[in-house]
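1. Show me how the following folds:
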Amino acid sequence: MTSSPAPAATIAEVDPRDPLARQALDAYLAEVAQRLDVTFDPGPVSDAGRWLLGRDAADPSRPVAYGGVVAVSSGPQRGAGEVKRMWVDPAWRGTGLGGRLLRDLEALAGRLGHPRVVLDTNLVLTEAVGLYERAGYARVEPYNDNPHAQAWFAKDVLTRGPADR
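-> Numbering: from 1, shown residues only. Predicted structure coming up:
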């Protein structure tokens, strides 16, 4: 039995006010609300952070992944880049797109000068927890007061070479 190749997607930086970014964010919010059985209101779209959008290469008008990096400005993880609102369309899960998006977000955080990436999640989101653990994230103490978070993770993304020590 041969398996078919994974579908192709493109990932690029996007303005969070872009209609496709809003569509992806709305899909993320709807899924989180349904899976956590809560009302989830992120408030107005903010210019904070940098955002990536994955699009179906065969249909670029279809968002299939989304996430951002926002600077942590206070608390024990100050200076880190926080991965926010990471989402992969359920039809694309298991294709490797989630891992690719996470690596792209880590690279973006590094380019922005963040030595570490942090994120939080709810344990109901088992696919996300598994992805973060496979990607080398370690659990850390809570660094924010997100009422929906049950697990906090961190990973160093910038390492210093011998000349930098």
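2. my guess is residue 50 contacts residue 71, does it?
-> No - counting by CB atoms under 8 Å, residue 50 does not reach residue 71; the two are 9.6 Å apart. Every C-beta, even on glycine, is put in place using the N, C-alpha and C of the backbone.
3. Can you pick out the residue with more neighbours from those two?
-> residue 50 (19 against 16; other CB atoms under 10 Å).
4. Contact partners for the more buried one?
-> Residues in contact with residue 50 (CB atoms under 8 Å, 6 or more residues apart in numbering) are 13, 68, 69, 108, 112.
5. Dig out what the second one forms beta bridges with.
-> Read that as residue 68. In this entry, residue 68 is beta-bridged to residue 51, residue 84, by DSSP bridges.
6. what's the answer for the first one, then?
-> Taking DSSP bridges as the rule, residue 13 bridges to residue 52.
7. Provide the secondary structure category for the closest residue in space to residue 143 that isn't next to it in sequence.
-> Closest residue to residue 143 apart from its sequence neighbours, by CB to CB, 6 or more residues apart in numbering: residue 77 at 4.2 Å. For residue 77, the assignment made with DSSP: H, G, I helix; E, B strand; the rest coil gives coil.
8. and the nearest residue to residue 85 once chain neighbours are set aside, how many neighbours does it have?
-> Leaving aside its sequence neighbours, residue 85 sits nearest to residue 28 (CB to CB, 6+ apart; 5.4 Å). The tally of other residues near residue 28 (other CB under 10 Å) stands at 22.
9. what's the distance between residue 28 and residue 113?
-> For residue 28, the distance to residue 113 (CB to CB, to the nearest Å) stands at 26 Å.
10. Need the CA coordinates for stretch 118-125. PDB is fine.
-> What follows is stretch 118-125, C-alpha atoms only, in PDB (Å, rounded to 0.1, in the frame of the first residue of the first chain):
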ATOM      1  CA  VAL A 118       7.200  30.100  25.700                       C
ATOM      2  CA  LEU A 119       3.600  29.100  25.300                       C
ATOM      3  CA  ASP A 120       0.600  27.900  27.300                       C
ATOM      4  CA  THR A 121      -2.200  25.500  26.400                       C
ATOM      5  CA  ASN A 122      -5.100  23.600  27.900                       C
ATOM      6  CA  LEU A 123      -4.600  19.900  28.400                       C
ATOM      7  CA  VAL A 124      -7.800  19.200  26.400                       C
ATOM      8  CA  LEU A 125      -5.800  20.100  23.400                       C
END
